[in-house]
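J.: Sequence first, then the predicted structure, then my questions.
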Amino acid sequence: MENKIKISHHILLCATPTKALCCKCTQGEESWNHLKKLIKELLLEDQNRPQGIVLRSKVDCLRVCRNGPILLIWPDGIWYEKATPERIGIIIKEHIIKGEILKDWVIKSTSF
Ligand code: FES
């Protein structure tokens with residue numbers, strides 16, 4: 001039988017877009033490095049985590065192109081603006097771990 005890994009969230013970050021339209025080029029990279037570090041430190045990639053693992057992907061343009069870096073969380077369909085390293089720390093703790101959406105930082109909301 002196939003051993004399926006449970007996934008709680010998938011985080012996509014517009015980190016190094018080909019055309020840096022949503023923020024200064026270096027900002028996305030700093031946010032991405034911080035996101036990776038936090039996910040590791042908080043053991044969010046642990047396959048034994050009851051809620052499932054947290055996936056992360058560094059992506060090119062997410063087609064918002066303002067107030068970046070833009071960070072999208074699936075399956076919630078919540079798009080955060082200005083995802084600086086500081087904000088990412090709070091987003092991970094409040095949204096991913098506690099399930100609380102930080103409404104003031106949401107630039108867009110979509111769902112399936
Ligand atoms: S360049 Fe970041 S969303 Fe388009």
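T.: Cool, got the structure.

J.: switch to C-alpha atoms for all contacts and neighbour counts from now on
T.: Fine.

J.: I figured residue 27 hits residue 84, correct?
T.: Yes - taking Cα atoms under 8 Å as the definition, residue 27 is a contact partner of residue 84 at 7.1 Å.

J.: Next, show the common contact partners of the two.
T.: Common neighbours of residue 27 and residue 84, using Cα atoms under 8 Å, 6 or more residues apart in numbering, are residue 69.

J.: tell me the mean pLDDT over stretch 32-44?
T.: Here stretch 32-44 scores 97 as its mean pLDDT.

J.: buried set for that stretch?
T.: 32, 34, 35, 38, 39, 44 (16 or more other Cα atoms under 10 Å).

J.: For residue 73, give its distance to the ligand.
T.: As judged by Cα to the nearest ligand atom, to the nearest Å, residue 73 and the ligand stand 14 Å apart.

J.: Over to residue 76?
T.: Look at residue 76 and the ligand: by Cα to the nearest ligand atom, they are 18 Å apart.

J.: Mind checking what secondary structure that residue has?
T.: Applying DSSP: H, G, I helix; E, B strand; the rest coil to residue 76 yields a three-state assignment of coil.

J.: Among the buried residues of stretch 32-44, which one lies nearest to residue 70?
T.: Checking those against residue 70 by Cα to Cα gives residue 32 as the nearest, at 10.9 Å.
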